[in-house]
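Student: My questions are about this predicted structure, shown below with the sequence.
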Amino acid sequence: MRKHVLIVLGIIVLIGIGVVTWLAWPDTARLSVDQVAGARPTIETPREQTIPTVDIAKPVGWANGAKPSVAPGLAIQPFASGLDHPRWLYQLPNGDVLVAETNSPPRPGSGIVQRVMNFFLGRAGAAVPSANRITLLRDTNGDGVADMKTPFLTGLNSPFGMVLFDGQLYIADTDALVRVPYQDGVTKIAAKPEKVVPLRPAGNHWARNVIASGDGKTLFVSVGSSSNVAENGLDLEKNRAAILQVWPQDKNWRIYAAGLRNPNGMALNPVNGRLWTVVNERDMLGSDLVPDYLTQVEFGDHFGWPWYYWGGYPDNRVQPANPPLQQYVKRPDYALGPHVAALGLTFSEGAKLGDRFARGAFIGEHGSWNRKPPSGYKVVFVPFANAFPVPKAKPVEVVGGFLNTKGEAQGRPVGVIVDKTGGLLVADDVGNVVWKVSAAK
């Protein structure tokens, strides 16, 4: 009799757990994206989740000549199409554009967590094999369309960031910063890449970026975390969730700034030459937390990850705790909204898109997978006054329409750059297009 009672009680407990889980999942946003954006965002009480909210836009591509929408006064057209998961862009001195056709390296399929992650990546269009290629795009007749598309450098390992520095092209592979000799105007490089410094590979954030620091001697390299909040141990996060400063001549490096979960896009502010970055923040605290952000970065800064977010709010999931760090955590300058997946970053210097977009930063928001309703899936503009964002300004949509009326992803924006004509180029890794945004004629 007692055995039957225990069985019944067990069933009731399981039903209760199921009901609670059903009521709490998925977590629906209670705030708008704009309420969690700007210099003073609303920071809600965390709604911690054991099972993450999942709301993935099915990738369908652009059909029947469809294309993104743009802000009034702008026009958009394909600059190059038929690419293979284009993620990042870099313009060479002669105006040629390099595009990294790339994706995550193979992820181990063992373990239930990784299998679930691989399934979700497939649903989001992010599980295709990496082309491991940098392609050169050249518009020879100035009509705004690349009429040359040719492999420039192959045999790389999930390449992402690119920068020309001191006569060599540096590429941030997932596991190393490498370089090859460069000559102006070349359309192909056959040299074997030389390793400059090793980088911690793969993990949840595999993409590495690189830019010149502006001092003529060093480079900045970004390395995202391996996990959400170091749930697999802090040892796996050593030299990650950080921006590194690299001396390429003697192949030395140091941590420049830390506590940055995934500092993907980096750029120097043209007003004062200071480093700025956009950061993907943590998950599973609800649809209203934590805002991704745009911020200036100084040497020695720590932005809190994994122990704290937005300038000192504790994440109680992280053990062991780190109370002494709290007083030193730097608050970001500008919130972009929760789960928007801010990746691309470029300042508007050289842009010819009208006065509205003359002073500020363009940001490619890849789009959420874990917010209901979705956020991101657009390119936004953050207006600046002098060296910092306008205090009360909210992000302005520049390019949208990546989600269709069914909520499917026709595209997802990643890297953004201003090209030699003053247009804005946008890498779309689901639509397999590089879009060009220009002032409407």
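Tutor: That came through, no problem. Numbering: from 1, shown residues only.
Student: what about the helices in the stretch 51-200 of the chain?
Tutor: 112-123 (DSSP state H, counting those that start in this stretch).
Student: Can you show me the CA trace of stretch 208-219 as PDB?
Tutor: Extracted in PDB, the C-alpha atoms of stretch 208-219 (Å, rounded to 0.1, in the frame of the first residue of the first chain):
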ATOM      1  CA  ARG A 208      37.300  36.200 -33.500                       C
ATOM      2  CA  ASN A 209      37.700  39.800 -34.700                       C
ATOM      3  CA  VAL A 210      40.800  41.900 -35.300                       C
ATOM      4  CA  ILE A 211      41.400  45.600 -35.800                       C
ATOM      5  CA  ALA A 212      44.400  47.900 -35.700                       C
ATOM      6  CA  SER A 213      44.700  49.800 -32.400                       C
ATOM      7  CA  GLY A 214      45.600  53.100 -33.900                       C
ATOM      8  CA  ASP A 215      49.100  53.300 -32.100                       C
ATOM      9  CA  GLY A 216      50.900  51.900 -35.200                       C
ATOM     10  CA  LYS A 217      52.300  49.000 -33.100                       C
ATOM     11  CA  THR A 218      49.500  46.800 -31.900                       C
ATOM     12  CA  LEU A 219      46.200  45.100 -32.800                       C
END
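Student: Can you point out the buried residues in it?
Tutor: 208-213, 218-219 (16 or more other C-beta atoms under 10 Å). (C-beta placed from N, C-alpha, C; glycine too.)
Student: Restricted to strands, list those.
Tutor: Cross-referencing these against strands under DSSP state E gives 208-212, 219.
Student: For residue 265, state which of those is nearest.
Tutor: Proximity of these to residue 265 (C-beta to C-beta) peaks at residue 209, which lies at 6.8 Å.
Student: residues touching that closest one, list them.
Tutor: Residues near residue 209 by C-beta atoms under 8 Å, 6 or more residues apart in numbering: 88, 160-161, 172, 221-222, 263-266.
Student: cool, and residue 432?
Tutor: With C-beta under 8 Å, 6+ apart, residue 432 has these contacts: 61, 81-86.
Student: how far away is it from residue 176?
Tutor: Per C-beta to C-beta, to the nearest Å, residue 432 is found 27 Å from residue 176.
Student: And for residue 343?
Tutor: Residue 343 is 21 Å from residue 176, by C-beta to C-beta.
Student: go on, residue 28?
Tutor: For residue 28, the distance to residue 176 equals 42 Å [C-beta to C-beta].
Student: hmm, back to that, wait, which of the contacts of residue 432 is closest to residue 373?
Tutor: Nearest to residue 373 among those, with distances taken as C-beta to C-beta, is residue 61, at 21.7 Å.
Student: Leaving out sequence neighbours, find the closest residue to that closest one.
Tutor: Nearest non-adjacent residue to residue 61, counting by C-beta to C-beta, 6 or more residues apart in numbering: residue 431, 5.6 Å away.
Student: again with residue 140
Tutor: Using C-beta to C-beta, 6+ apart, the nearest residue to residue 140 is residue 147, at 5.5 Å.
Student: Quick check: that neighbour touching residue 138?
Tutor: Yes: judged on C-beta atoms under 8 Å, residue 147 makes contact with residue 138 at a distance of 7.2 Å.
Student: quick one: which of those two has more around it?
Tutor: Per other C-beta atoms under 10 Å, whichever of residue 147 and residue 138 has more neighbours is residue 138, with 17 against 11.
Student: Any idea what that one is bridged to?
Tutor: Beta-bridge pairing for residue 138 (DSSP bridges): residue 148.
Student: what residues are up against it?
Tutor: By C-beta under 8 Å, 6+ apart, residue 138 lies in contact with 95-97, 146-148, 187.
Student: so how far is the first residue of stretch 89-101 from its last?
Tutor: Stretch 89-101 has an end-to-end distance of 10 Å (C-alpha to C-alpha, to the nearest Å).
Student: Ok, stretch 92-101 next?
Tutor: 17 Å.
Student: Likewise for stretch 212-231?
Tutor: Stretch 212-231 end-to-end distance (C-alpha to C-alpha) = 33 Å.
Student: Stretch 397-412 now?
Tutor: End-to-end distance for stretch 397-412, by C-alpha to C-alpha: 14 Å.
Student: element containing the residue nearest to the spatial centre of the chain?
Tutor: Residue closest to the mean C-alpha point of the chain, counted by C-alpha atoms, centre = their mean, is residue 343 at 2.3 Å. Taking DSSP states H and E as the criterion, residue 343 maps to strand 342-347.
Student: what about the strands in the stretch 301-441 of the chain?
Tutor: Here the stretch 301-441 of the chain has its strands, by DSSP state E, counting those that start in this stretch, at 308-309, 313-314, 334-338, 342-347, 360-365, 378-385, 388-389, 396-400, 413-418, 424-428, 433-439.
Student: possible to save those strands as JSON lines with distance to residue 48 and mean pLDDT?
Tutor: Formatted as JSON lines, those follow (distance: least, C-beta to C-beta, whole Å; pLDDT from 0 to 100):
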{"stretch": "strand 308-309", "distance to residue 48": "13", "mean pLDDT": "98"}
{"stretch": "strand 313-314", "distance to residue 48": "12", "mean pLDDT": "98"}
{"stretch": "strand 334-338", "distance to residue 48": "14", "mean pLDDT": "98"}
{"stretch": "strand 342-347", "distance to residue 48": "23", "mean pLDDT": "98"}
{"stretch": "strand 360-365", "distance to residue 48": "25", "mean pLDDT": "98"}
{"stretch": "strand 378-385", "distance to residue 48": "28", "mean pLDDT": "98"}
{"stretch": "strand 388-389", "distance to residue 48": "30", "mean pLDDT": "98"}
{"stretch": "strand 396-400", "distance to residue 48": "31", "mean pLDDT": "98"}
{"stretch": "strand 413-418", "distance to residue 48": "29", "mean pLDDT": "98"}
{"stretch": "strand 424-428", "distance to residue 48": "34", "mean pLDDT": "99"}
{"stretch": "strand 433-439", "distance to residue 48": "38", "mean pLDDT": "98"}
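Student: quick one: average confidence on stretch 317-327?
Tutor: If you average the pLDDT over stretch 317-327, you get 97.
Student: would you put the C-alpha positions of it in PDB?
Tutor: Only the C-alpha atoms of stretch 317-327 are listed here, as PDB (Å, rounded to 0.1, in the frame of the first residue of the first chain):
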ATOM      1  CA  ARG A 317      24.000  31.300 -10.900                       C
ATOM      2  CA  VAL A 318      27.800  31.800 -11.100                       C
ATOM      3  CA  GLN A 319      29.700  29.900  -8.400                       C
ATOM      4  CA  PRO A 320      32.000  30.600  -6.800                       C
ATOM      5  CA  ALA A 321      30.900  34.100  -6.300                       C
ATOM      6  CA  ASN A 322      33.300  37.100  -6.700                       C
ATOM      7  CA  PRO A 323      32.200  39.900  -4.300                       C
ATOM      8  CA  PRO A 324      35.400  41.900  -4.400                       C
ATOM      9  CA  LEU A 325      35.000  42.400  -8.200                       C
ATOM     10  CA  GLN A 326      31.600  44.200  -7.900                       C
ATOM     11  CA  GLN A 327      33.000  47.600  -7.000                       C
END
